[in-house]
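Undergrad: predicted coordinates and the sequence they were generated for:
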Amino acid sequence: MLGATGYLGSQLVPELLARDHEVSVLVRDRTQATRFPTRVMVHVGDATDPHEVRQAVADKDVVYFLVHSLDRPDFAEVDREAAAVLATAAAGAGVRQVVYVGGPRPDSPSLSAHLGSRAEVGDVLAAGAVPALVLQASMIIGAGSASFELLRSSARLTPWVPVPSWMRNTSRPVAAADVVHFLVAAADLAEPVDGVFDVPGPERLSYLDLLQRCARVLRLPVRMPVPAPLWSHKLAAQIAGLVTPVPATVAEPLFASLDHDLTADGPLVTDVLPAPPGGTTSVDNAIRAATAPQAEAGDGEVFTEERTVLTDASPGDVWHAVTALGGENGWHTVPLVWTVRGAVDHLLGGIGLFRGRAPDVGEGDVVDFWTVVHRDDDAKRLVLRADMKMPGHTLLDMRVDRHGDRTRYRQKVTFTADGLLGQLYWVVQKPLHDVVFATMARGIVRTAAEA
């Protein structure tokens with residue numbers, strides 16, 4: 001399986017294991033191997049590397065291609081190359097069936113970059129020597145799906161909704177559980193299938209209708225539509241990047257795909273695969289399933305910001321710089337910014353900034369206004385929890401590993417908002433947040449290089 005750590009792949013792997021299938025995956029990062037049970041054979045390499053892909057698909061019966069590089073500006077080129085590499089490798093390895101999930105193909109001379117890329121990948125796989133089952137689904141409703149997280153956040157954020165013309169175009173949203181059902185069923189095909197099949201949900205809805213439906217399931221008032229003829233995809237994406245968990249670079253191509261009616265006019269997946277038991281999941285039940293776990297856990301909207309810096313410094317030097325943060329060593333960021341933030345927190349009755357730190361901190365220890373949640377010296381990972389007063393909860397996850405012949409420092413900030421106030425807090429502080437944490441990442445690497 002290629003794309004096993006993605007949204008669909010991460011759900012498909014346990015379902016295949018539950019049915020006693022032997023599962024192998026190809027991941028780019030060796031640290032991702034720990035995400036899978038020991039029964040899974042994990043290969044490490046890039047999906048565009050012919051040698052690594054050949055090794056990953058050798059002696060395999062069915063290969064799933066679930067790669068989707070939407071978080072990269074060159075996603076179309078990367079996905080096209082990965083598909084071509086797989087088509088060649090699968091033919092040489094004697095693979096019986098390739099399975100791919102793409103998007104609908106509107107009857108339009110000019111597709112969005114996202115839909116165009118999805119269609120192109122399907123064409124590349126279909127042109128290969130191995131039969132390719134190409135499944136086409138519009139919005140997939142499920143917790144963690146980028147398109148659904150955009151929808152859910154928009155429904156919850158405000159009672160007013162800007163409505164450009166493209167929000168009135170329609171699609172057939174489908175439950176994630178139904179898509180996974182069809183993917184699992186593809187592993188048991190008696191004979192290979194070669195063709196393109198639609199995976200539609202039970203209702204045809206506009207994006208505005210779907211947003212209202214989501215609000216209803218979440219027990220929110222009807223959202224008030226506000227005409228917004230100048231509400232471009234780029235503007236919508238930039239705002240989404242601030243107020244939703246989905247980065248603007250991912251949101252923009254998804255919004256651009258709404259320029260088309262995403263209908264299901266071709267052969268249906270049920271022509272070749274069995275329908276889910278009890279039939280297709282209703283839109284309301286799909287939304288309810290996607291939102292229920294968060295409601296039960298009492299969690300708020302989750303926002304993440306990630307950055308990566310490469311350096312010629314050794315992993316050990318970078319790890320030392322990470323574990324030495326705080327106290328007299330400081331935080332390698334904009335001067336005085338956290339001092340001011342700590343002073344404000346102190347005035348509000350919080351813990352302030354300077355609580356110091358132990359010489360060698362471990363889990364449960366204090367590092368200024370943070371507490372160590374997790375430290376793993378073998379994996380070179382340190383996770384801190386912010387203890388200042390704020391309408392939400394913040395985690396800072398720092399990792400160090402090898403990337404080719406260089407060292408990679410990865411930094412991820414996760415903020416879980418407490419209601420609308422927490423979401424507004426994230427929006428207001430994000431511009432400064434970006435500067436502070438970007439400066440910090442570069443400062444850590446610079447300190448390591450000077451060691």
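TA: Done, it's in.

Undergrad: okay, CA-based contacts and neighbour counts for the rest of this
TA: Will do.

Undergrad: so who does residue 404 touch?
TA: Listed by CA atoms under 8 Å, 6 or more residues apart in numbering, the contact set of residue 404 is empty.

Undergrad: list the buried residues for stretch 315-326?
TA: Neighbour-count burial for stretch 315-326 flags 315, 317, 318, 319, 320, 321, 322, 323, 324, 325, 326 (criterion: 16 or more other CA atoms under 10 Å).

Undergrad: please read the previous query as pertaining to stretch 352-372.
TA: Buried, per 16+ other CA under 10 Å, within stretch 352-372: 352-354, 356-357, 361-362, 365-372.

Undergrad: could you identify the most distant pair in those residues?
TA: Spanning the widest gap among the buried residues of stretch 352-372 are 352 and 362, at 20.9 Å by CA to CA.

Undergrad: low pLDDT regions in this structure?
TA: 293-299 (pLDDT under 70).

Undergrad: top helix in it by residue count?
TA: Assignment by DSSP state H gives helix 419-449 as the longest helix of the chain.

Undergrad: residue 10 touches residue 2, doesn't it?
TA: No - Residue 10 lies out of contact with residue 2 (CA atoms under 8 Å); the separation is 10.9 Å.

Undergrad: looking at these two, which is more packed in?
TA: Using other CA atoms under 10 Å as the criterion, residue 10 and residue 2 rank with residue 2 on top: 27 against 14.

Undergrad: which residues sit in contact with the nearest residue to residue 272 once chain neighbours are set aside?
TA: With CA to CA, 6 or more residues apart in numbering as the criterion, residue 272 has its nearest non-adjacent residue at 7.7 Å, and that residue is residue 193. Going by CA under 8 Å, 6+ apart, residue 193 touches 97, 131, 132, 133, 272.

Undergrad: for the fourth one, grab phi and psi.
TA: Right, residue 133. In terms of degrees, to the nearest 10, the main-chain angles of residue 133 are phi -90, psi 110.

Undergrad: what of the one 10 residues further on?
TA: Note on residue 143: backbone dihedrals following degrees, to the nearest 10 are phi -60, psi 120.

Undergrad: in three-state terms, label the closest residue to it other than its chain neighbours for me.
TA: Closest residue in space to residue 143, ignoring its immediate chain neighbours: residue 290 at 4.6 Å, by CA to CA, 6+ apart. Following DSSP: H, G, I helix; E, B strand; the rest coil, the label given to residue 290 is helix.

Undergrad: from residue 213, how far out is residue 290?
TA: 13 Å (CA to CA, to the nearest Å).

Undergrad: same check on residue 118?
TA: For residue 118, the distance to residue 213 - CA to CA - is 27 Å.

Undergrad: repeat that for residue 244.
TA: 19 Å.

Undergrad: and for residue 449?
TA: 53 Å.

Undergrad: the two: which has the busier surroundings?
TA: residue 213 (20 against 15).

Undergrad: show me where the stretch 251-400 of the chain has helices.
TA: 283-297, 315-323, 337-347 (DSSP state H, counting those that start in this stretch).

Undergrad: elements contacting the last one?
TA: Identification of packing neighbours for helix 337-347 by 3 or more CA pairs under 8 Å, 6 or more residues apart in numbering; DSSP states H and E yields no helix or strand.

Undergrad: would you agree residue 353 is in contact with residue 336?
TA: No - the criterion here is CA under 8 Å, and residue 353 misses it with residue 336 at 11.0 Å.

Undergrad: show me the contacts for the residue nearest to residue 143.
TA: 141, 142, 143.

Undergrad: now those residues as CSV including neighbour count and distance to residue 379?
TA: Below are those laid out as CSV (neighbours: other CA atoms under 10 Å; distance: CA to CA, whole Å):
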residue, neighbour count, distance to residue 379
141, 30, 34
142, 22, 31
143, 21, 28
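
Undergrad: turn those into JSON lines, including distance to residue 175.
TA: Shown next, in JSON lines, are the contacts of residue 290 (distance: CA to CA, whole Å):
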{"residue": "141", "distance to residue 175": "5"}
{"residue": "142", "distance to residue 175": "6"}
{"residue": "143", "distance to residue 175": "10"}
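
Undergrad: which one of those residues is nearest to residue 200?
TA: The closest of the contacts of residue 290 to residue 200 turns out to be residue 141 (CA to CA; 11.7 Å).

Undergrad: the nearest residue to the closest one once chain neighbours are set aside and residue 287, how far apart?
TA: Leaving aside its chain neighbours, residue 141 sits nearest to residue 175 (4.8 Å; criterion: CA to CA, 6+ apart). For residue 175, the distance to residue 287 (CA to CA) stands at 8 Å.

Undergrad: mutual contacts of these two, please.
TA: With CA under 8 Å, 6+ apart as the test, residue 175 and residue 287 both reach 141, 142.

Undergrad: still on that earlier bit, tell me how many other residues crowd the residue nearest to residue 141.
TA: Residue 175: 27 neighbours (other CA under 10 Å).

Undergrad: was I right to think it contacts residue 281?
TA: Yes - between residue 175 and residue 281 there is a contact under CA under 8 Å: 6.2 Å.

Undergrad: list residues touching both of these two?
TA: Contacts common to residue 175 and residue 281, judged by CA under 8 Å, 6+ apart, are residue 201.

Undergrad: neighbours around residue 451, how many?
TA: Neighbours around residue 451, by other CA under 10 Å: 11.

Undergrad: hmm, back to that, distance to residue 36 added to the buried residues of stretch 315-326, as a markdown table?
TA: Formatted as a markdown table, the buried residues of stretch 315-326 follow (distance: CA to CA, whole Å):
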| residue | distance to residue 36 |
| --- | --- |
| 315 | 25 |
| 317 | 30 |
| 318 | 27 |
| 319 | 25 |
| 320 | 29 |
| 321 | 30 |
| 322 | 27 |
| 323 | 28 |
| 324 | 31 |
| 325 | 32 |
| 326 | 34 |
